[in-house]
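# A predicted structure for the sequence below; I have some questions about it.
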Amino acid sequence: MMPVISLEKVTAAPTVLVGELNYWERAVALYVSSMPSRFRAGMVSREQMHAWMLEGVERLGLEEIRRQAQYADGYRRLWMSHLVTVEVERRHKARFPLKGRLNRAEQGAADSVFVLAPVSGCREVPEVDGVCPCGGKGYVEINDPGLDPELSYSLDCPVHRAGASWWRGGARVAAGQAVSA
């Protein structure tokens, strides 16, 4: 008789505390957890929110949660500056197909950060899943074909702006520097 082979992970997941997760890590963890997509705000206990976050970390693994959180942060920064490319939008929608669920996860993460369990260490290093509009230069050139070509201008990239630095684990990291979880 053939032995039964288990496809479960052999390595144990590292112990994670909710306070060690930043805002976007909490949002991604909630998104992939069994959190209901609809529930009344204030009707869910702190313990339940934390349980869903930890469940999400267990499902994807801490490294994958952090990677997706960096992409979600980069996307949101581009979106707020009206610089999202078609490719970046497509990848973001593939990663988070349920917009309402993502909104609920972000609300839960925000409540968690500001009310339930403040962030103890910040790893705020946004990334872009795909080609950034700045191409890594730190600025985006804007050329409006309806205007005089002499009137073109540039905007600082919200993800890779020159001289920008982000916080990761209590230390400053220059924008564009390699990121390791």
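Right, received. Where do you want to start? Numbers count the residues shown, from 1 in each chain.

# Mind checking the pLDDT average for stretch 100-114?
Regarding stretch 100-114, the rounded mean pLDDT is 88.

# oh, I was asking about stretch 43-59
Across stretch 43-59, the average pLDDT comes to 90.

# just stretch 18-34 next, same as before
Here stretch 18-34 scores 92 as its mean pLDDT.

# Identify each buried residue in it, please.
18, 20-33 (16 or more other Cβ atoms under 10 Å). Where C-beta positions appear, they are placed from N, C-alpha and C, glycine not excepted.

# Let me know the closest of those residues to R101.
Within the buried residues of stretch 18-34, the smallest distance to R101 is 6.1 Å, found for Y31 (Cβ to Cβ).

# which ones are touching the closest one?
Y31 is in contact with 56, 96, 98, 101-102, 105, counting by Cβ atoms under 8 Å, 6 or more residues apart in numbering.

# Which PyMOL command selects the buried ones in these?
Selecting only the buried entries of those in PyMOL, with 16+ other Cβ under 10 Å as the criterion:
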select buried, resi 56+96+101+102+105
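
# In a markdown table, list the contacts of Y31 along with secondary structure and distance to L78.
Converted to a markdown table, those look like this (DSSP: H, G, I helix; E, B strand; the rest coil; distance: Cβ to Cβ, whole Å):
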| residue | secondary structure | distance to L78 |
| --- | --- | --- |
| G56 | helix | 24 |
| F96 | coil | 14 |
| L98 | coil | 20 |
| R101 | helix | 21 |
| L102 | helix | 16 |
| A105 | helix | 19 |
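
# Pull the number of nearby residues for H82.
Other residues within reach of H82, judged by other Cβ atoms under 10 Å, total 7.

# Quick check: the two most widely separated of the contacts of Y31?
Pairwise over the contacts of Y31, using Cβ to Cβ, the maximum falls at G56 and L98, 14.1 Å.

# Okay, buried residues for stretch 96-113 please.
The neighbour-count check on stretch 96-113 (16+ other Cβ under 10 Å) flags 96, 101-102, 104-106, 108-109, 111-113 as buried.
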